[in-house]
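K.L.:
take this sequence and fold it.
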Amino acid sequence: MRRLAALAMSVALGAGITACGSDSPSGGGTATTAGGGGGGLTVPTETGTPVGVKAGDTSDTAQYLKLDTASVKAGKVTFTFVNEGTRKHEMVVLKTDEQFDALTVGADNRVSEDASVGEISETEKGKTVTKTFDLKAGNYVLVCNIEKHYGQGMRAAFTVTP
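P.N.:
Next up, the predicted model:
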């Protein structure tokens, strides 16, 4: 059995597949093809309850963050973040009991990220990013915290149940 596993690893490495970790202490990682000709293949190395998130804008001053589900069980949660807008967007996961649409916006037109448990960093228009987080039970708010985006509608309530 160990020889089979070693053979599979050799084949994977020979194909140029490498793993890269998360930049978040609570986030998971993804594996992507290295070098040219890989076609941008992304394979999750961790999986959790799937949650789809769509980010976009309907005008210069109206934007959205839509979830395909607003509640999941505690544990690993795999967000697939699709930027279907016309500019960069991100998704910051904040653990807070504050109402999703009542967070304090600072002078910099952003909300505090002190309650952040991780994020999907700025993502170019038309791109999709998948990332796994290990979430504890509680109330969360998902936001795009690029200047003015939260205030223009890029926020959503999210609950993690025990």
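K.L.:
check which helices and strands the helix or strand harbouring residue 82 sits against.
P.N.:
Per DSSP states H and E: residue 82 is located in strand 75-83. Counting contacts by 3 or more Cβ pairs under 8 Å, 6 or more residues apart in numbering; DSSP states H and E, strand 75-83 is packed against strand 49-57, strand 89-95, strand 116-123, strand 128-135. Heads up, the C-betas are built off the backbone N, CA and C, glycines and all.
K.L.:
and the ones you listed, which is most packed in?
P.N.:
strand 89-95 (a mean of 23; mean count of other Cβ atoms under 10 Å).
K.L.:
separation between the residue nearest the centre of the chain and residue 137?
P.N.:
Closest to where the C-alpha atoms of the chain average out (Cα atoms, centre = their mean) is residue 120, at 4.0 Å. To residue 137, residue 120 is 22 Å away according to Cβ to Cβ, to the nearest Å.
K.L.:
report the beta-bridge partner residues of the residue nearest to the centre of the chain.
P.N.:
residue 91 (DSSP bridges).
K.L.:
residue contacts, it?
P.N.:
Taking Cβ atoms under 8 Å, 6 or more residues apart in numbering, we find residue 120 in contact with 79, 81, 90-91, 129, 131.
K.L.:
could you report the pLDDT at it?
P.N.:
According to the prediction, residue 120 has pLDDT 98.
K.L.:
residue 47 now?
P.N.:
87.
K.L.:
check residue 3 too.
P.N.:
41.
K.L.:
and what of residue 7?
P.N.:
So, for residue 7, pLDDT stands at 38.
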